[in-house]
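Chemist: Show me the folded form of this:
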Amino acid sequence: MANTTELTKVIVITETHFEQDLLNAFRELGIKGFTCMNCWGQGHHQVYDEPFIGHSQTRIEIITTEAIAESIVDYCRQPRFESHAISAYLESVRVRDPNKFIA
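Modeler: Below is the predicted model:
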């Protein structure tokens, strides 16, 4: 089996209108890339529909170093997001080419 390196995947699920602002902030924190997908669900905050775009939430996945991932989670815990639907969590992942994911 090929050698692998352990990195951290951070998953952020939030209201669609926060997507670009969060991605810009995450770039400043040092991410190299990301994946976004439309999603919907229900949790602590009430589910709502966006009538013109067909989905109310976005899921952002980033594979990066543990330090950057922790910084992203800390960013998402700012008081300005307390009354909004935003959730961030971490997973350990193993990758074959870490240079594809970290700067």
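Chemist: middle-most residue in the chain, spatially?
Modeler: Per C-alpha atoms, centre = their mean, the C-alpha nearest to the average position across the chain is that of Val12, at 3.1 Å.
Chemist: Show me what that one is bridged to.
Modeler: Note on Val12: beta-bridge partners Ile60, Ala88, judged by DSSP bridges.
Chemist: which stretches of this structure have low pLDDT?
Modeler: In the predicted model of the chain, residues 1, 42-55 satisfy pLDDT under 70.
Chemist: all strands of it, in order?
Modeler: Remark: strands assigned in the chain by DSSP state E are 5-15, 35-39, 57-64, 86-95.
Chemist: Alpha carbons only: can I get the second one in PDB?
Modeler: The C-alpha coordinates for strand 35-39 follow below in PDB (Å, rounded to 0.1, in the frame of the first residue of the first chain):
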ATOM      1  CA  THR A  35     -15.500  21.600  -2.400                       C
ATOM      2  CA  CYS A  36     -19.000  23.100  -2.100                       C
ATOM      3  CA  MET A  37     -22.400  21.400  -2.500                       C
ATOM      4  CA  ASN A  38     -26.000  22.400  -2.100                       C
ATOM      5  CA  CYS A  39     -27.800  20.800   0.800                       C
END
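Chemist: Which strands or helices does that strand pack on?
Modeler: strand 57-64 (3 or more C-beta pairs under 8 Å, 6 or more residues apart in numbering; DSSP states H and E). Using the backbone N, CA and C atoms, a C-beta is placed for each residue, glycine as well.
Chemist: tilt between the strand it packs on and strand 35-39?
Modeler: 160 degrees (axes from the mean of the first three to the mean of the last three C-alpha atoms, to 10 degrees).
Chemist: Do I have it right that Ala69 meets Ile11?
Modeler: No. Counting by C-beta atoms under 8 Å, Ala69 stays clear of Ile11, with 9.7 Å between them.
Chemist: what sits in contact with each of those two?
Modeler: Here Ala69 and Ile11 have Leu90 as joint contacts, going by C-beta atoms under 8 Å, 6 or more residues apart in numbering.
Chemist: okay, the two: which has more neighbours?
Modeler: Set Ala69 next to Ile11 and count neighbours by other C-beta atoms under 10 Å: Ala69 wins out with 24 against 17.
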